[in-house]
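**Q** fold the following and give me the result.
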Amino acid sequence: MKTSFKSFTESTKEDWQIIVGEQMKFMAGLPDRILAHMQLLRGDYGGFPIDRLQHCLQTAERAAEAGEDDEYVVCALLHDIGDTLGSFNHADVAAAILQPFISEANHWMIKHHAIFQGYNFFHHLGMDRNMRDQFKDSEHYERTARFIAKYDNLAFDNSHPELSLDLFAPLVRKVMAEPKQSLYKAAIDANR
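**A** Coordinates of the predicted model:
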């Protein structure tokens, strides 16, 4: 079903009831669209010892094995999803995708993880490896440094058995089932 208005100013409450109903169906498919998009990282080595998908899977596996909660593990899995469309700002893209579904602490961690990872290699590029120090006063500094040290930085093991995205699909569906915060949250809740 679809509406027939030519501009939002012509739309009616009835039109928006139709749109919200259709959007609810579409939004329910977001986790599966995210998982499908992650497949674009398969075979993309970018010079690394493993492809970007395996890197994300290894990062998530490490976090899960260390006992991190479901939301954190999903963040670990999706932390580099932005590499495909945001090659120059991948952390921002990942953070924007995850923001409605995660805590402020996890959002900050994902948004800033690229700068924190830079501590391990920026000096090889003629960049300031201590760029992360500009965030020393953030309450999330240590959390993000820990994410890099324990999970992200160590997840380039080409001797590790290949992992399947299917391992984490139920977790992605669970964490992304309903937004915690969104401009549209009140409308979503009212139409459930």
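**Q** C-terminal to the longest helix along the chain, what's the next element?
**A** The helix that spans the most residues within the chain, counting by DSSP state H, is helix 13-28. Of the helices and strands lying after helix 13-28 in sequence (DSSP states H and E), the nearest is helix 30-38.
**Q** that next one packs against which elements?
**A** Using 3 or more Cβ pairs under 8 Å, 6 or more residues apart in numbering; DSSP states H and E, the elements in contact with helix 30-38 are helix 70-78, helix 169-175. Using the backbone N, CA and C atoms, a C-beta is placed for each residue, glycine as well.
**Q** list of residues touching the very next helix or strand once past the last one?
**A** Along the chain past helix 169-175, the next helix or strand (assigned with DSSP H and E) turns out to be helix 185-190. Helix 185-190 has contacts (Cβ atoms under 8 Å, 6 or more residues apart in numbering) with 20, 24, 27, 100, 178-179, 182.
**Q** closest one of those residues to Thr12?
**A** Using Cβ to Cβ, the shortest approach to Thr12 within the contacts of helix 185-190 belongs to Val20, at 12.7 Å.
**Q** pull the number of nearby residues for that closest one.
**A** One way to gauge burial is a neighbour count; for Val20, by other Cβ atoms under 10 Å, it gives 15.
**Q** likewise for the one 4 residues further on?
**A** When neighbours are defined as other Cβ under 10 Å, Met24 has 13 of them.
**Q** please name the nearest non-neighbouring residue to it.
**A** Spatially, and ignoring its direct neighbours in sequence, Met24 is nearest to Asn191 (6.2 Å; Cβ to Cβ, 6 or more residues apart in numbering).
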